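Enquirer: Return atomic coordinates for the entry below.
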Amino acid sequence: MYRKLIYVMVLIPALILAGIVCTWGADTSNPGDNLDERGTGTVENIDEVYLTGRVLEIIKEEPEGDPINPDNKNSFIKQKIVVQLLDPPYQYQTVIIENHAYPPNQLQGIYLREGDKVIVYGNRAADGKLNDVNVQDLARDNTVILLAVVFVAVLVIFGRLRGIAALLSLASMGLLIWYWLLPSILNGGSPLKGGAVVCILVSLFSIPLICGFNRKSLCAIIGTIAGVTIAGLLAYFSGVHTRIVGVEFEYSNFLTSLPKPFNLNLQGIYFAGVLIGCLGAVMDTGISVASAIQEFVALDPQLSRGKLWKTGMNVGRDVMSMMSSTLILAYVGGAIPLLLLMMGYETPFLKIFNSDMIVSEIIRSLAGSIGLSLSIPITALTGALLLGAPKPQKSRRARSG
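Expert: Residues are numbered from 1 along each chain as shown. Presented below is the predicted three-dimensional model:
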C-alpha cells in the first residue's frame, strides 16, 4: 500500500515537471487564433460542417476526361448522386451532389454505390442552409469501432485483469500523446525531449500496472528506459550525421505549410517517432527477461546472481531474435509502397540506398533493434542484482581453518 502511494506521489510531480520542461518558453496560445487560411490575417466567418450521410440513388453516371492526361478519356467517372443526411439538425434532408470518381486510385476520387455511408462537408450560411455540399470520404467509423470492440473483448476474455491493465496502459499512452505531446510540439516544445518524457512516463505507469509494484517491474523499467535511450541516441547521432529529414515528403510539405508559422523541427519529430515506435518492443523484451528471472528465483531462491544472469541472457537471446525481426519487418512493411514506386521507375540502387526516406527507415529499424538487444543484458544484470541471492560467504572460522 505504501509503495503504491509513493509511486503515485512520484508519478504526478514527474508528469507536471515534464510538462513544464517541454513547454518552457513556448507559445501557449491557441495555434489557430486570429489567422486566416494563409496565416496572414483574421479568420473569416465561415462555418464549415462535416456530416454523415447515405447514398440513396445514383441519378447519372458518365465517363470524364483526365484533367492531367486529356488523351485518357475513360479514367474518371462523374456521378450525380442523391445523399440523405443523417446528423442533426439536417437529418432526413436530401442533397444532390456531383461526385468525381477515379476507380484505379480512390484517393483521387471515391466511386460510390447506392447504400454507401459517406462523410459530406459544406458551408453553413447564416440562415442555417448548407451550401457547396461535397463528398469528403467514405464513413468507416463503424468498421473501426467493431474491430476495436473485438480487440477489447479478446484482451479482457483471455487476459482478464492483465488485459484490463493493458487497456488502461494503452489508453493512458494515447491520452498522453494526444493531449500533451502533440500540443507541446505545436506550441514550440522540443519533440525529442517530449518523446523521451512520454517513453519514461509510459514505462513508469504501464509496467507496474501490468506486472505489479515489485522488484521485477523495477528491473523491466530500468531495462526499458535504458534500451529506448540507446535507440534514441543512436538514431539522433546517425540522423544528424546523415542530415536526414525523416518525415515523408507529403507530410513535410503539409507540416511546413500550416496556417500558423509553428517553426516545427521535422528532424526532431522523426527522432520522437523512433523513441515511441520502439518503446513497445523494448518494454515487452524487458518484461519477458525480468519475468523469467523471477520465475527461476521462485523455483530456487538460492540461485546465485551469476546463474540468474546467464538464465536471463539465455531467455533474452530467444526474445531478441524474434522481436528484432518483428521491429524491422514492421518498418519494412510501411516502406513497401515507396520501394514499389522506386522499383517501378527503375531507380538506381545507389539512389534508393541513399534516399532520405529509405535511410530514415534503415536508421529507425537498426537503432530500435540495437536498443532492444542491449536492453536484454541490462535487464538481466539488474534482475540478477535485485532478485538474486548474494554469493554465500565463508564464515571466519571456516576461513581460519
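
Enquirer: Buried residues in the longest helix along the chain, which are they?
Expert: The single longest helix within the chain, with elements called by DSSP state H, is helix 305-344. Of all the residues in helix 305-344, those buried under the rule 16 or more other C-beta atoms under 10 Å are 305, 308-309, 311-313, 315-316, 319-320, 323-324, 327-328, 330-331, 335, 338, 342. In this view, the C-beta of every residue, glycine as well, is placed from N, C-alpha and C.

Enquirer: swap in stretch 95-102?
Expert: 95, 97, 99-102.

Enquirer: on that earlier part again, right, and the helix or strand after the longest helix of the chain?
Expert: Elements were assigned by DSSP states H and E; along the chain past helix 305-344, the next helix or strand is helix 349-354.

Enquirer: between the next helix or strand after that next one and helix 305-344, what angle do the directions make?
Expert: Next in sequence after helix 349-354, counting helices and strands by DSSP H and E, comes helix 356-387. Computed by axes from the mean of the first three to the mean of the last three C-alpha atoms, to 10 degrees, the angle separating helix 356-387 from helix 305-344 equals 170 degrees.

Enquirer: on that earlier part again, for the longest helix of the chain, give the mean pLDDT please.
Expert: On average, the pLDDT along helix 305-344 is 83.

Enquirer: which helices and strands does that helix pack with?
Expert: Where contact means 3 or more C-beta pairs under 8 Å, 6 or more residues apart in numbering; DSSP states H and E, helix 305-344 is packed against helix 266-299, helix 349-354, helix 356-387.

Enquirer: any weak-confidence spans in the protein?
Expert: 1-46, 65-74, 248-250, 261, 389-401 (pLDDT under 70).

Enquirer: repeat that with 80
Expert: Counting by pLDDT under 80, the chain contains low-confidence ranges at 1-46, 64-75, 104-108, 246-263, 321-324, 326-327, 330-331, 334-335, 338, 388-401.

Enquirer: Domain map for it?
Expert: Using automatic domain parsing, the domain parsing of the chain gives 47-139, 160-387.

Enquirer: just these: most buried one?
Expert: domain 160-387 (a mean of 18; mean count of other C-beta atoms under 10 Å).

Enquirer: That one: end-to-end distance?
Expert: Length of domain 160-387, first residue to last, C-alpha to C-alpha, to the nearest Å: 27 Å.

Enquirer: roughly how far is that domain from the heart of the chain?
Expert: Domain 160-387 sits 11 Å away from the centroid of its parent chain (C-alpha atoms, centre = their mean, to the nearest Å).

Enquirer: Doesn't Gln136 belong to a strand?
Expert: Yes: according to DSSP: H, G, I helix; E, B strand; the rest coil, Gln136 belongs to a strand.

Enquirer: tell me the SS of the residue nearest to it when sequence neighbours are not counted?
Expert: Spatial nearest neighbour of Gln136, chain neighbours left out: Ile119 (4.5 Å); criterion: C-beta to C-beta, 6 or more residues apart in numbering. At Ile119 the chain is in strand, as set by three-state DSSP.

Enquirer: What is the longest strand anywhere in the chain packed up against?
Expert: In terms of residue count, the longest strand belonging to the chain (DSSP state E) is strand 47-64. In terms of contacts (3+ C-beta pairs under 8 Å, 6+ apart), strand 47-64 is packed against strand 76-85, strand 94-101, strand 117-124.

Enquirer: Kindly present the ones you listed as TSV, with separate columns for distance to Arg140.
Expert: Putting those into TSV (distance: least, C-beta to C-beta, whole Å) gives the following:
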stretch	distance to Arg140
strand 76-85	16
strand 94-101	17
strand 117-124	9
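
Enquirer: how about those strands, which one is nearest Val154?
Expert: Proximity of those to Val154 was assessed by C-beta to C-beta; the nearest stretch is strand 117-124, lying at 26.2 Å.

Enquirer: In its sheet, which strands sit next to that closest one, and in what direction?
Expert: strand 47-64 (antiparallel), strand 130-138 (antiparallel) (DSSP bridges).

Enquirer: mind checking which of the ones you listed is nearest Phe76?
Expert: The closest of the strands paired with strand 117-124 to Phe76 is strand 47-64. By C-beta to C-beta, the value is 4.0 Å.

Enquirer: What is the distance between the closest one and the centre of its chain?
Expert: Put simply, strand 47-64 sits 33 Å off its chain's centre (C-alpha atoms, centre = their mean).

Enquirer: Present the helices and strands packed on helix 305-344 as JSON lines; the columns should include distance to Arg54.
Expert: As requested, those are exported to JSON lines (distance: least, C-beta to C-beta, whole Å):
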{"stretch": "helix 266-299", "distance to Arg54": "37"}
{"stretch": "helix 349-354", "distance to Arg54": "45"}
{"stretch": "helix 356-387", "distance to Arg54": "39"}
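
Enquirer: Ok, which of these comes nearest Ile59?
Expert: If you check each of the helices and strands packed on helix 305-344 against Ile59 by C-beta to C-beta, helix 356-387 wins as the nearest, at 43.3 Å.
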